[in-house]
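task: produce atomic coordinates for the following.
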Amino acid sequence: MTRAYIIAAKRSAVIPRGGAFADLALHQLAAPVVLDCLRSAGIAPDQVDEVIAGNALGAGGNPARHVALAAGLPERVAGLTIDRQCCGGLDALKLADALVRSGQAQVVIAGGVESYSRAPLRCETYADGRAPRAYEQAKFTPWPNRDPAMSDAADALARQLGIERADQDAFAIHSHQKALAAQARLRDEITPINDQLHDTFTRDLTQALAARAKPISGSITPANTSVAADGAAFCLVVSQDIADRFDGPKVEIVTGCTLGATPDMPGLAPVAAIKHVLKTAEITPAQLTVSEVMEAYAVQALACIQGAGLTSDQVNVGGGSLARGHPIGASGAINAVRLFHELKAKSGYGLAAIAAAGGLGTAVLLKA
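Have a look, this model is predicted:
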């Protein structure tokens, strides 16, 4: 069985909902990133076997197929869209790894794309003639009493673990500080779209500003929560034969895992996935060079860092989604892109991890 490698990884800037990407359809966000991946690796479009894209808010129609066609890939590239909410972009990478390792594909583009700005209106319909009921959050379990709003679940997690608002605010402030400090080097991973060359939400968040934020739910506030955003991110995954002939940087996909956990506390779900991945690879958290842990909520990231025994100074070294925004289906792929570029500069093991509504957690281990 062959190994699978990432030889290119690119993303768009992450732009809050209603910003510079507000008029772009999913394929308009994603196709330039796909083409940038191919150009940077010197891979021709006709070499691509499959495109896999995470997407959570779209209205069907297989966005991955739209992306493949818009990027000018061969019409034989069918495209596969997956909806595992926030995990989707990272799960796309796992699927690409499986296709390549099994010999079913040689070149796969894997990632995710999301537009909060262009998300369709969603309604629940009824057979008895009642008027449709609009909703924003989909149902993530069949049980209303075990399907909490995400902010409520985050606050419950904070109360369970004793993580105070001040701790969450401090983590968010540090995320912005790291992102600001890394802004120049982050430019290398960003595909220019609509002249956007950096993540526009990143700011000098101060303790005073964070303290003035009004609560969403208990200790959860807009300051320690990721903003809804638009963005796309993709990795170019290839077989060992192609990687061996490639002169540029390459990162091996070592292993990955997606596990379910209690839906009442989704923020903790990545912990079991992280531990499983590290155990499978027979390494300890201390052996990781860098980690990218999703920051949908500061408390979620703090809980995962603590629960998995990660070293805080090697987590999200270029800032996280608190300093960028959260384009749901793309966020896991953004973590993978960030990891690829960090490992280019400093070799070793890298971990990407993310939680999703419904109690899901995905972790992927890379090695450079």
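
mean confidence (pLDDT) on stretch 293-301, please.
The predicted model gives stretch 293-301 an average pLDDT of 98.

packing partners of the helix or strand containing residue 31?
If you go by DSSP states H and E, residue 31 is part of helix 26-41. Helix 26-41 sits against strand 4-11, helix 63-70, strand 107-115, strand 229-239, with contacts defined as 3 or more Cβ pairs under 8 Å, 6 or more residues apart in numbering; DSSP states H and E. No exception for glycine: its C-beta is placed from N, CA and C like everyone else's.

and of those, who's closest to residue 54?
Between residue 54 and these, the shortest gap by Cβ to Cβ is with strand 107-115, which sits at 3.3 Å.

output the closest one as PDB - backbone C-alpha positions only.
The C-alpha trace of strand 107-115 is given here as PDB (Å, rounded to 0.1, in the frame of the first residue of the first chain):
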ATOM      1  CA  VAL A 107      -3.700  12.900  -7.400                       C
ATOM      2  CA  VAL A 108      -6.600  14.200  -5.200                       C
ATOM      3  CA  ILE A 109      -7.500  17.800  -4.300                       C
ATOM      4  CA  ALA A 110      -9.000  17.800  -0.800                       C
ATOM      5  CA  GLY A 111     -10.300  20.500   1.400                       C
ATOM      6  CA  GLY A 112     -13.400  22.600   1.900                       C
ATOM      7  CA  VAL A 113     -15.300  25.700   1.000                       C
ATOM      8  CA  GLU A 114     -18.000  27.700   2.800                       C
ATOM      9  CA  SER A 115     -19.800  31.000   2.300                       C
END
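
taking helix 26-41 as reference, get the angle to that strand.
Calculated by axes from the mean of the first three to the mean of the last three Cα atoms, to 10 degrees, strand 107-115 forms an angle of 140 degrees with helix 26-41.

helices or strands up against strand 107-115?
Going by 3+ Cβ pairs under 8 Å, 6+ apart, strand 107-115 lies up against helix 26-41, strand 50-54, helix 88-101, strand 229-239, helix 328-345.

so which of the ones you listed is the most packed in?
Burial of these is given as mean neighbour count (mean count of other Cβ atoms under 10 Å); strand 229-239 ranks first at a mean of 32.

what residues of the helix or strand just after that one count as buried?
Toward the C-terminus, strand 229-239 is succeeded by helix 240-245 as the next helix or strand (DSSP H and E). For helix 240-245, a neighbour-count test (16 or more other Cβ atoms under 10 Å) marks 240, 242, 243 as buried.

ok, now which ones touch the first one?
Contacts of residue 240 were listed using Cβ atoms under 8 Å, 6 or more residues apart in numbering, and they are 2, 3, 4, 5.

ok, the first one - how many residues close by?
In other words, residue 2. Other residues near residue 2 number 15, with proximity taken as other Cβ atoms under 10 Å.

go on, the third one?
Taking other Cβ under 10 Å as the neighbour definition, residue 4 ends up with a count of 25.

what helix or strand is residue 276 on?
helix 269-281.
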